[in-house]
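>>> sequence? don't have it. structure:
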């Protein structure tokens, strides 16, 4: 009887715990009367966007005409038994006593054979109703013929209006009317996390749609343009296709993938459509792109250099070399200057400058602001065309005897008149020997030091005086010239 009571007690306890658990769960699962339910976020529906844009995207296939050299042996050969010897001894080889079609000793030259072979596939899209197509330059580069296939299956032969290899943009034209161009969006308004679509022909599979989000904006890869980074699946064959926002507007051209395998690995890069359309204007007008230049080599402004030069923050483009007789030199730009503004626009990082200058028409007079010796200097520069490499500079002088290493770990000497003339400098000292801490900063014998913490160096005696007065608790900035280039180097003097 007692065991029966215990069993009933255990059952009642179990039921009580179940009811209590239900009471605790129910309020979270079912909102109380009068209270608002938590909003539910659903994935976007891409079907309407695809329906509006798919007909604007085309497949591009290219062919290339190549010359086939007959081997003289096997199927399709010329039948000339001496062709193999000509691979080793040159096309004019002929055995003694050989009499060819041009007479005794003349070689028998088979006529070259040309074949048209498939070269590759890519994607593109219409930007006008009269047949202008945008794609990547690498899709059509070196192609003999270009064929554009619409989603309806109709194929057209395309002509190249113009290409810009530097930005990997190509503009094509087909003879067709009443087409469906993609509306052009504003790539400057893109935000991280925004949904986007790619439509193209990966691996030749035309009209393939993939989706993802914007992963990064203004992604620097060392190229001329900043890229839009996405996680949209882009594979070989997608190149030249559009990157589309949820409004059905093209915001970029899919151009590259970051991959170790050759296939999609979660990172793809697109060219911003704003940059592309500026290029299209020039391609339509001239068939090529003309870029501006001012004739400087630049580097990034580090935090240490910014502090040493008195800049509020690390921004701008640090001038490491000024091209002789170039636009910047004529405007008064000097090595060691930090260009902070171009045409009134701030330069947040050094890569902003070549884009600003490159998009400026040659011959334009533009305003420069540079930071020099603790203050802003305003200059006017007439923009030229595409930079050329400057000639190498002459060598320096030999080391004098018995010199003492200073607090920077340097032994320096005065620069002879010939070197100053060759380098076009009026002062400075030449590094003869290097110890720590200068060695760790990258200085080497032969370097020329022009400035220390905004103080121009005239000779070795003045340099020694400046170094002796340096604050040993903080880094000092040295403007160092090596060859034809100069850069700021920071060194903390030893105590």
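Perfect, thanks for sending it. Keep in mind that what you see is a predicted model, and the values were worked out from it rather than measured.
>>> for the longest strand along the chain, which positions count as buried?
Counting by DSSP state E, the longest strand found in the chain is strand 113-126. Neighbour-count burial for strand 113-126, counted by 16 or more other C-beta atoms under 10 Å, picks out 119-126. (C-beta placed from N, C-alpha, C; glycine too.)
>>> now those in TSV, with pLDDT and distance to residue 477?
Formatted as TSV, those follow (pLDDT from 0 to 100; distance: C-beta to C-beta, whole Å):
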residue	pLDDT	distance to residue 477
119	77	52
120	82	50
121	90	53
122	95	49
123	97	49
124	97	50
125	98	50
126	98	53
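>>> the residues you listed: which two are farthest apart?
The distance between the two most remote of the buried residues of strand 113-126 (C-beta to C-beta) is 22.5 Å, for 119 and 126.
>>> three-state assignment of residue 356?
Following DSSP: H, G, I helix; E, B strand; the rest coil, we place residue 356 in the helix state.
>>> ok, now which ones touch it?
The contact partners of residue 356, by C-beta atoms under 8 Å, 6 or more residues apart in numbering, come to 342-343, 345, 347.
>>> what about residue 283, which helix or strand?
Assessed by DSSP states H and E, residue 283 sits inside helix 273-286.
>>> with residue 234 instead?
Of the helices and strands defined by DSSP H and E, none includes residue 234.
>>> quick one, phi/psi of it?
With angles defined as degrees, to the nearest 10, residue 234 shows backbone torsions of phi -120, psi 130.
>>> is it true that it touches residue 268?
Yes. With contact defined as C-beta atoms under 8 Å, residue 234 and residue 268 form a contacting pair (3.8 Å).
>>> shared neighbours, the two?
Taking C-beta under 8 Å, 6+ apart as the criterion, residue 234 and residue 268 both touch 198, 254, 257.
>>> just send the residues you listed back as JSON lines, with secondary structure, distance to residue 472 and neighbour count too.
Listed next are the shared contacts of residue 234 and residue 268 as JSON lines, based on DSSP: H, G, I helix; E, B strand; the rest coil; distance: C-beta to C-beta, whole Å; neighbours: other C-beta atoms under 10 Å:
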{"residue": "198", "secondary structure": "strand", "distance to residue 472": "57", "neighbour count": "26"}
{"residue": "254", "secondary structure": "strand", "distance to residue 472": "54", "neighbour count": "28"}
{"residue": "257", "secondary structure": "strand", "distance to residue 472": "50", "neighbour count": "20"}
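>>> now, which of the residues you listed sits nearest residue 160?
Nearest to residue 160 among the shared contacts of residue 234 and residue 268: residue 254, at 19.7 Å, using C-beta to C-beta.
>>> what's near enough to touch that closest one?
Counting by C-beta under 8 Å, 6+ apart, residue 254 makes contact with 123, 198, 200, 232, 234, 238-243, 268-270.
>>> in strands only, show me those residues.
Reading strands off these with DSSP E, I get 123, 198, 200, 242-243, 268-270.
>>> how about those in a markdown table, adding distance to residue 415?
What follows is those, written out as a markdown table (distance: C-beta to C-beta, whole Å):
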| residue | distance to residue 415 |
| --- | --- |
| 123 | 58 |
| 198 | 58 |
| 200 | 59 |
| 242 | 57 |
| 243 | 54 |
| 268 | 52 |
| 269 | 47 |
| 270 | 50 |
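>>> whichever of those residues end up buried, select them in PyMOL.
Only the buried entries of the ones in strands among the contacts of residue 254 go into this PyMOL selection, using 16+ other C-beta under 10 Å:
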select buried, resi 123+198+200+242+243+268+269+270
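>>> which parts of the stretch 301-450 of the chain are strands?
Along the stretch 301-450 of the chain, the segments classed as strands by DSSP state E, counting those that start in this stretch run 317-322, 338-342, 345-346, 365-372, 375-382, 384-385, 410-414, 429-434, 448-452.
>>> so for residue 274, which of those strands sits nearest?
strand 345-346 (14.9 Å).
>>> okay, helices next: where are they in the stretch 351-495 of the chain?
352-358, 417-423, 460-468 (DSSP state H, counting those that start in this stretch).
>>> which residue is the nearest non-sequential neighbour of residue 217?
Ranked by C-beta to C-beta, 6 or more residues apart in numbering and with sequence neighbours excluded, the top spatial neighbour of residue 217 is residue 190, at 5.7 Å.
>>> for stretch 187-200, give the mean pLDDT please.
The average of the pLDDT scores along stretch 187-200 is 96.
>>> now do the same end-to-end measure for it.
Start and end residues of stretch 187-200 are separated by 19 Å (C-alpha to C-alpha, to the nearest Å).
>>> domain ranges for the protein?
The chain breaks down by automatic domain parsing into domains covering 187-286, 293-385, 410-491.
>>> could you give the mean pLDDT of the second one?
Domain 293-385 shows an average pLDDT of 91 in the prediction.
>>> start to end distance for that domain?
Distance between the two ends of domain 293-385: 5 Å, counting by C-alpha to C-alpha.
>>> also the shortest one?
One end of domain 410-491 to the other measures 11 Å (C-alpha to C-alpha).
>>> ok, now the longest one?
From the first residue to the last, domain 187-286 extends over 25 Å; the measure is C-alpha to C-alpha.
>>> and residue 138, which of the domains of the chain is closest to it?
Proximity to residue 138 (C-beta to C-beta) singles out domain 187-286 among the domains of the chain, at 6.6 Å.
>>> starting at the chain centroid, how far to that closest one?
14 Å (C-alpha atoms, centre = their mean, to the nearest Å).
>>> for residue 283, grab the count of nearby residues.
21 (other C-beta atoms under 10 Å).
>>> tell me the contacts of the residue nearest to residue 305 when sequence neighbours are not counted?
Using C-beta to C-beta, 6+ apart and skipping residues adjacent in sequence, the residue nearest residue 305 is residue 488, 4.5 Å away. Going by C-beta under 8 Å, 6+ apart, residue 488 touches 305, 308-309, 318, 336, 477-480.
>>> okay, residue 488: pLDDT?
Listed pLDDT for residue 488 reads 89.
>>> how close does it get to residue 450?
Using C-beta to C-beta, to the nearest Å, residue 488 is found at 10 Å from residue 450.
>>> which neighbours do these two have in common?
336, 479-480.
>>> buried subset of these, written for PyMOL?
A single PyMOL command is used to select the members of these judged buried by 16+ other C-beta under 10 Å:
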select buried, resi 336+479+480
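>>> got any ranges where the chain has weak pLDDT?
Scanning the chain for pLDDT under 70 picks out 1-41, 66-113, 221-224, 386-404.
>>> repeat that for 50
For the chain, the stretches flagged by pLDDT under 50 are 1-4, 6-7, 9, 11, 15-16, 18-35, 71-78, 101-104, 106, 387-403.
>>> how close does residue 449 sit to residue 319?
16 Å.
>>> can you check residue 58 too?
For residue 58, the distance to residue 319 equals 45 Å [C-beta to C-beta].
>>> which one's more surrounded, those two?
Each of residue 58 and residue 319 has its neighbours counted (other C-beta under 10 Å); residue 58 has more, 31 against 27.
>>> ramachandran angles for that one?
Per-residue torsions, residue 58: phi -120, psi 160 (degrees, to the nearest 10).
>>> what do you get for residue 334?
Per degrees, to the nearest 10, the backbone of residue 334 is at phi -120, psi 150.
>>> noted, bye for now.
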